[in-house]
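*Asks:* next comes the sequence, and after it the predicted model I'd like to discuss.
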Amino acid sequence: MAHSVRRDAPELPDFSLLKRLARDQLIYLLEQLPGRKDLFIEADLMSPLDRIANVTTLKQHDVDKLYKVEHKPIVSTSDQLCFLIRPRIKTVKWICDVVNADKAFGRFRRYKIIFSPQKFYACENLLEEQGIFGDVTTDEWSFYLLPLDDDIISLELPEFFRDYFLEGDQRWVRTAGSALHLLHSVYGPFSKVYGIGRCSKMAYESWREQVEEGEQRARQAEIGNVFLIDRDVDLVTPLCSQVVYEGLVDDIFRIKCGCVEFCPDVTSSDKSIKVMLNSQDKVFNEIRNEHFSQVFGFLSQKARNLQTAYDKRSGMDIKQMKTFVSEELKGLKQEHRLLSLHIGASESMMKKKTKQDFQELLKTEHSLLEGFEIRECISYIEEHINRQVSMVESMRLLCLLSLTENGLLPKDYRSLKAQFLQSYGIEHLLTFSNLKQLGLLVEQQPGETLTVMESRVGKLVNDKTAGKLTDAFSSLAKKSNFRALGRRLNLVPKSDEEYDLRVPRDMAYIFSGAYIPLSCKLIEQVLERDGWTGLEEVTRMLNGHEFAVTAGSNGSDARVKTDSQRIILVMFLGGCTFSEISALRFLGREKGLKFIVVTTAITNSARLLESMLDNHA
Amino acid sequence: MAFITANWNPLGEAFYRKIELYEMGWSLRDGLKECLVAAAPYGGPIALLRQPQRPSSSARPQLEIYSSSGANMASFPWKSGPVRQLGWTVCDDLLCIQEDGTVLIYDLFGAFKRHFSMGNEVVQNQVLEAKVFHSPYGTGVAIVTGASRFTLATNIDDLKLRRLPEVPGLQGAPSCWAVLTQDRQTKVLLANGADLYILDNTSCTPVTPPGLSPQACSIVNMAVSFSYKYLALFTDSGHLWMGSANLKDKLSEVDTKVRTPPKQMVWCRRPKSQQPSVVIMWDRLLLVAGECTDTIQYTLDEESVCVAELDGVRIVGGSRHELLQEVPSACQDIFKIASMAPGALLLEAHKEYEKSSQKADEYLREIKEQSVLGEAVRQCVEAAGYEHEPETQKTLLRAASFGKCFLSNYPPEPFVSMCRDLKVLNSVREYTVGIPLTHTQYKQMTVQVLIDRLVYRKLYPLAIEICRYLKTPEYQGVSRVLKHWACCKVQQKEEPDESIAHAVSVKLGEAAGISYSEIAARAYECGRTELAIKLLEFEPRSGEQVPLLLKMKRSQLALSKAIESGDTDLVYTVVTYLKNEMNRGDFFMTLRNQPVALSLYRQFCKHQEQDTLKDLFNQDDDHQELGNFYVKASYKEKKLEARLSLLQSAVDEYNKAKNEFAAKATEEEMKLLRFQRRLDEKGEALLGLSLQETLHALLTSNFHKQAEQLYRDFRVPDKRYWWLKLTALAEKDDWEEMEKFAKSKKSPIGYLPFVEVCVKQHNKYEAKKYVSKVTPEQKVKAHLAIGDLEGAAEAAIERRSEGEISTVLSRCSPTTDRALLERLNRARSTAAKK
């Protein structure tokens, strides 16, 4: 069942080096505060930290107790406190409170704040304002990249999407540039860089700046080309329901930092189990990229194979049995355990997803993507809202509708919004305001033809160089142009043909053959054309900001297709989904390439939309 | 060549030589008479403070600064108070210590830099004597006041005055004193008559030098060596005592037979020298004393000053500038008459070779037989370094190169680097440059410092040449020099901004690592703001421009530059600065034009200053955001009244923003809240629920009338209401009410949901009631939902729909009635045919 791998596919670089670098630096930083100390860790840094240095390692370096940052008064008795945090105002504020409380209590301690991956002036400024700048020492742990798998590296910055695309806060751009710089200095030099989107461009420039400042070493490149893409270039793909196994697991159970917690009804025991999902898991590795409908068949086949392997025992003599036990049994048992877990997970998903509701949901989604029977879709969505099926799901459908239809008709916009507010509460007035700002859910401008709108966009884009344009305004003018893009890039295969999911013929298989993800299609096209020529129309519709630069100094031998030239690093600014990764893996197999996905965070529709909510609680 | 040993004088084992460095270029009428002189070590500049010719109250002394070759660098009348002492700092700045304890600092070209004071106490008591000294910490100043108290400043760049303890029995100035640096501590050694004291931070300790001749009843002069390791004392009996500076060992004692107190006494000792020696100067006599009882005596025909150097003594006179040093052993070996050292033989061999004489071979053979050719080459190379005359240097280097030819694996580096060093040294010894450095001094001070000194002297072209010649990395070399040049250039007040900016940009061009911001900073310091801005334009890293722009109060420009740099930290720095600097209105206006900064500031306000955020929106007339702001605030508010008033504000803002939808929605929320409050009084906790939840809650707790009212008031769509009521009724198993409800009027959502809801609550009985009401299209589904296969089959067959028949079939199991199956199959085939 596993796809035949092209024999000439190049080897992936070894990314465990990144982990080693991060660990060494962390240990060095911890030793900067000699003696026993308590370590407070920001909640969302805990899982990444666990991948880098486990508790034993930390204890070896004089960490006494570990606490999660909970924004509450602390109970530590240690004389030295070390805080490992993201550079967030809220957390720094909390630390200030802790220190000031100690001061008021007349208690003397030593404090050290380690910002990961970098510190911001705003944080230091706050320390100064709160009058504790002299009491704490600060450091940076340049832990930019966490390798989640052989081909996935994450910056673990889920807030990137909201901060940059919604709030217009560019502070993480430099972080992205630094991450790229780190990859470049370890696995580069890159020979060619392509990209699309404003953020990509800025990240690229930030990286170039850092390259110029630092010294250059000539080395054997392990990564050839780089593709940078903004999440808002393609917002449709992450909003679609995922039906590839790994994506589905993420949608239902939420994979956190490459690890998933299967609830008791999956494990068919009384406790939930945490499972690492990566290529080390042989069963998972074979099904992760498969369409869900194929997974069950595969798993049962696997179970049969396993049984046969076990059955071999019956005809064995003592010696054979001995080798069997010492060599195979352990592997088989391991496989057995994993298999039963995945079967449990599949069953649980099956229960949820094969129900009538899910089928209808998918049907609606596909109609939206194809642009058929929009009226029916709208009434489906309406019913969905009225029945309060799920707030995020309702919102997802609304956004998909708006994105594919270039905005909602004013009448629909009002009525759907009103219904939504009645169903899920008035506070979503703010959410809608956010969605509008981002261009996820907008109203069609009455009486305005596409051309007028576009010429305005063009003008705005020109003004942007003068720095006159507000970000909010630019997203107001943002149009998704999904239909036109779909036609031009052939994103939606003709629906009358039967699509055999067992033998996928293109990347559309990740959405049951209904839609080829725009992001991946762009990557394919640009790599094929070695640039953006011929895609002018497309980039115009995507609001421009595309670039293709030959970065390497060795322009002459770039022609030579060395192994590294076939390793392509794709960086998603604002997150990417497992479906997209699966699509890229498929593309890689087809073209004899290897893709490495670097993303600010792994996302999916729920995470993306949840980041749009204004948590007033 | 033949006379190379002509100026050598033997003293004990060693030889001393006096070389003329320069014929002084200055024209001083009275030589150095009536002058306060200070000459900096390492071939540094010479400062003179000349007393007026005819002492009168109006006449002012003249301060003059010369290079070591006597070229004038600055000259101006002294207008401040009386000066006690002149001295040079390690970075070639002139210190003028006045009687009142004020120390004025001038640069090499006589430009005033700054001043500091040696303490208030001095103002009254006056400075009697002062000394400038150098230590690893920098340049220090020591004074003794009229009250016989010493004050020290170890480093004038980081001024910390230390008043030393009192010396018992000292009246006025001590007979002589010196500053010592030992064990990382600076101390004063002083002599009061025959008593010697060491004065440190806390105490005054009497000491006695071991073996000091008993005839002496007073120590009249003392000298500390360049390295602070050795001490020399001169007594009134004419004895010179030499020993270690810690006063533990005695090296030698020489009777000079001169009883007059010397004018100056300095150590003349090179590193690795054969013997300690001291140069003592009287009015007409210069005397070198070493370990043996003999001395070398030179007559002085003019007023002179001795300058201690690392490897000798320079003697500056009115017309000549000379260097007195011990002849280095390499030179001795080679040039000593009848020397048979390998180097000497090699030199001889080369001489013969030049004459094309076969004797060359003989000499060479002799060296080779002893297999000391390597040593010979090394000696020649080393000696070349010690020689001052380029001709001698060349001869020695040629000999070395000649010898090298006969060696197979002699490393080339010493030879090459010596050639380079000498080229650099000869160029700075040049009369016009006037830095008479020896090779030893040059190695000690390093190229970097030499370049710095050239830069201070504004000898930019030479500095650049040297950098290029030595292939110093651009960043440390050429670029640095160019930066200094540019910093100097911007101070030329007479030139217009335009031309300076142009000149700078042309010259600096693409030089690596140039920081235009530093140059601009200098321009700004000189009060040329416009020029600074022009220069900043050349700075490629916009981040570098920002701090200076802020300093120049060009905050707007700073902000846009910060944004250009893409570094949000920088943007934030500027924003914080602006916030404190501007009034609120202007600040907001500024932000308004800079969306990046605005969004950053908003982020900050969201966490820190909610009210500012509101003001910010107010200023922008951003009613939409204001509305959102109030809505958000309302959720934080616990009290209902306050909450309602916030929401009212939100409504007003939304109205202003022409966002009718949001205004209406908010109004409805208020209406809902009021409604909920009324019910609250009846004991239903509904506050804060959404409309849907409220309705649901009402329906499940039998407030049907109120629910109806809400439904009408809020114009809830029928479909929604039906769904809601349906599920609510089902949840509390109120089947009776449900039936009533179903019959109340025609269901807008059809009756399938009724069936489904009942089934969901596991009540098939009730579900069946509604099956009949379901529209024909949904009949099959309805039947299937209650598990009535037959009914479903009937309906499907009736509708002759292939798809539906298949659905039914797919639900059939092996236990299903055969007949039914057959009927279905038949119906399917007929339907398919059609």
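*Replies:* Yep, it's here.

*Asks:* so how far is B:Leu699 from the residue in the stretch 401-550 of chain A positioned nearest to chain B?
*Replies:* In the stretch 401-550 of chain A, the residue that lies nearest chain B is A:Gly425 (3.7 Å; Cβ to the nearest Cβ). Any C-beta I mention is one placed from the backbone N, CA and C, and that applies to glycine too. Going from A:Gly425 to B:Leu699 by Cβ to Cβ, to the nearest Å gives 18 Å.

*Asks:* the two: which has the busier surroundings?
*Replies:* For the pair A:Gly425 and B:Leu699, the greater number of neighbours falls to B:Leu699 (26 against 18), based on other Cβ atoms under 10 Å in any protein chain shown.

*Asks:* any idea which helix or strand carries A:Ile516?
*Replies:* Assessed by DSSP states H and E, A:Ile516 sits outside every helix and strand.

*Asks:* actually B:Cys380, sorry about that
*Replies:* helix B:373-386.

*Asks:* same question for B:Trp241.
*Replies:* Applying DSSP H and E, one finds B:Trp241 within strand B:239-244.

*Asks:* I'd guess B:Val716 is in a helix, am I close?
*Replies:* No. Counting by DSSP: H, G, I helix; E, B strand; the rest coil, B:Val716 is not part of a helix but coil.

*Asks:* quick check: chain neighbours aside, which residue is closest to the residue of the stretch 401-550 of chain A closest to chain B?
*Replies:* Take A:Gly425 and drop its neighbours on the chain: the residue closest to it by Cβ to Cβ, 6 or more residues apart in numbering or on different chains is B:Ser690, 3.7 Å away.

*Asks:* tell me if I'm right that that neighbour and A:Leu429 touch.
*Replies:* No. Applying Cβ atoms under 8 Å, one finds B:Ser690 not in contact with A:Leu429, separated by 11.7 Å.

*Asks:* how many other residues sit next to B:Arg715?
*Replies:* B:Arg715 has 10 neighbours, counted by other Cβ under 10 Å.

*Asks:* distance of it from A:Arg387?
*Replies:* For B:Arg715, the distance to A:Arg387 - Cβ to Cβ - is 19 Å.

*Asks:* pLDDT score for the residue of the stretch 401-550 of chain A closest to chain B?
*Replies:* We have a pLDDT of 81 for A:Gly425.

*Asks:* equivalent analysis for A:Ser480, please.
*Replies:* A:Ser480 is assigned a pLDDT of 63 by the prediction.

*Asks:* pLDDT value on residue 467, please?
*Replies:* You didn't pick a chain, so chain A it is. Here, the pLDDT recorded for A:Gly467 equals 39.

*Asks:* chain B was what I was after
*Replies:* On pLDDT, B:Cys467 comes in at 87.

*Asks:* same question for A:Ile602.
*Replies:* At A:Ile602, the model reports a pLDDT of 91.

*Asks:* what's the residue lying closest to it once chain neighbours are set aside sitting at in phi/psi?
*Replies:* Spatial nearest neighbour of A:Ile602, excluding adjacent residues (Cβ to Cβ, 6+ apart): A:Ser154 at 6.2 Å. Here is the backbone geometry of A:Ser154 (degrees, to the nearest 10): phi -120, psi 140.

*Asks:* A:Ser154 and A:Val173, how far apart?
*Replies:* Counting by Cβ to Cβ, the gap from A:Ser154 to A:Val173 is 17 Å.

*Asks:* ok, back up a step: B:Ser690 and A:Leu429: which is more packed in?
*Replies:* A:Leu429 (24 against 20).

*Asks:* count of residues packed around residue 569?
*Replies:* Unless you meant another one, I'm taking chain A. A:Leu569 has 26 neighbours, counted by other Cβ under 10 Å.

*Asks:* looking at chain B here, not the other one
*Replies:* By other Cβ under 10 Å, 22 other residues sit near B:Asp569.

*Asks:* just to be sure, it is in a strand?
*Replies:* No. With three-state DSSP as the criterion, B:Asp569 is located in helix rather than a strand.

*Asks:* is it in contact with A:Asn125, as I believe?
*Replies:* No. Between B:Asp569 and A:Asn125 there is no contact under Cβ under 8 Å: 9.7 Å.

*Asks:* burial measure for A:Lys352, as a count.
*Replies:* Neighbourhood size, A:Lys352 [other Cβ under 10 Å]: 13.

*Asks:* so does the host helix or strand of it get close to chain B?
*Replies:* Counting by DSSP H and E, the element that carries A:Lys352 is helix A:330-353. No. Applying Cβ under 8 Å from any Cβ of the partner chain, one finds helix A:330-353 separated from chain B by no less than 15.3 Å.

*Asks:* in that helix, what counts as buried?
*Replies:* For helix A:330-353, the neighbour count (16 or more other Cβ atoms under 10 Å in any protein chain shown) marks A:332, A:335-336, A:338-346, A:348-349, A:353 as buried.

*Asks:* then stretch A:581-596?
*Replies:* A:581-589, A:591, A:593-596.

*Asks:* show me what it is in contact with.
*Replies:* The contact list for stretch A:581-596 (Cβ atoms under 8 Å, 6 or more residues apart in numbering or on different chains) reads A:3-6, A:8-13, A:151-153, A:223, A:244, A:246-247, A:288-289, A:504, A:507, A:509-510, A:516-517, A:520, A:523-524, A:527, A:566-570, A:597.

*Asks:* and it, average pLDDT?
*Replies:* Taken as a whole, stretch A:581-596 carries a mean pLDDT of 88.

*Asks:* hey, C-alpha coordinates of it in PDB?
*Replies:* Output of stretch A:581-596 as PDB, limited to C-alpha atoms (Å, rounded to 0.1, in the frame of the first residue of the first chain):
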ATOM      1  CA  ILE A 581       2.500  18.400   4.500                       C
ATOM      2  CA  SER A 582       1.000  15.200   3.200                       C
ATOM      3  CA  ALA A 583       0.300  16.900  -0.200                       C
ATOM      4  CA  LEU A 584       3.900  18.100  -0.300                       C
ATOM      5  CA  ARG A 585       5.200  14.600   0.500                       C
ATOM      6  CA  PHE A 586       3.100  13.300  -2.300                       C
ATOM      7  CA  LEU A 587       4.500  15.900  -4.700                       C
ATOM      8  CA  GLY A 588       8.000  15.000  -3.600                       C
ATOM      9  CA  ARG A 589       7.400  11.400  -4.400                       C
ATOM     10  CA  GLU A 590       6.100  12.300  -7.800                       C
ATOM     11  CA  LYS A 591       8.900  14.600  -8.700                       C
ATOM     12  CA  GLY A 592      11.800  12.900  -6.900                       C
ATOM     13  CA  LEU A 593      12.200  15.800  -4.500                       C
ATOM     14  CA  LYS A 594      12.200  15.900  -0.700                       C
ATOM     15  CA  PHE A 595      10.400  18.700   1.000                       C
ATOM     16  CA  ILE A 596      11.200  20.000   4.500                       C
END
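
*Asks:* picking up where we left off before, list residues touching both of B:Ser690 and A:Leu429?
*Replies:* Common contact partners of B:Ser690 and A:Leu429 (Cβ under 8 Å, 6+ apart): A:Leu421.

*Asks:* just to check, B:Ala191 is in contact with B:Leu170?
*Replies:* No. Contact status for B:Ala191 versus B:Leu170: not in contact, 10.2 Å apart, counting by Cβ under 8 Å.

*Asks:* so, low pLDDT: which residues of chain A?
*Replies:* Along chain A, the model assigns pLDDT under 70 to residues A:1-9, A:214-219, A:353-356, A:446-480, A:495-497, A:551-562, A:615-617.

*Asks:* next, count neighbours for the residue nearest to A:Ile602.
*Replies:* 25.

*Asks:* that one and A:Leu145 touch, don't they?
*Replies:* Yes. Using Cβ under 8 Å, A:Ser154 makes contact with A:Leu145 at a distance of 7.5 Å.

*Asks:* common neighbours of the two, please.
*Replies:* Each of A:Val598 lies in contact with both A:Ser154 and A:Leu145 under the rule Cβ under 8 Å, 6+ apart.

*Asks:* pull the number of nearby residues for residue 272.
*Replies:* The chain I'm using is chain A. Neighbourhood size, A:Ser272 [other Cβ under 10 Å]: 15.

*Asks:* try chain B instead
*Replies:* By other Cβ under 10 Å, the residues close to B:Lys272 number 9.
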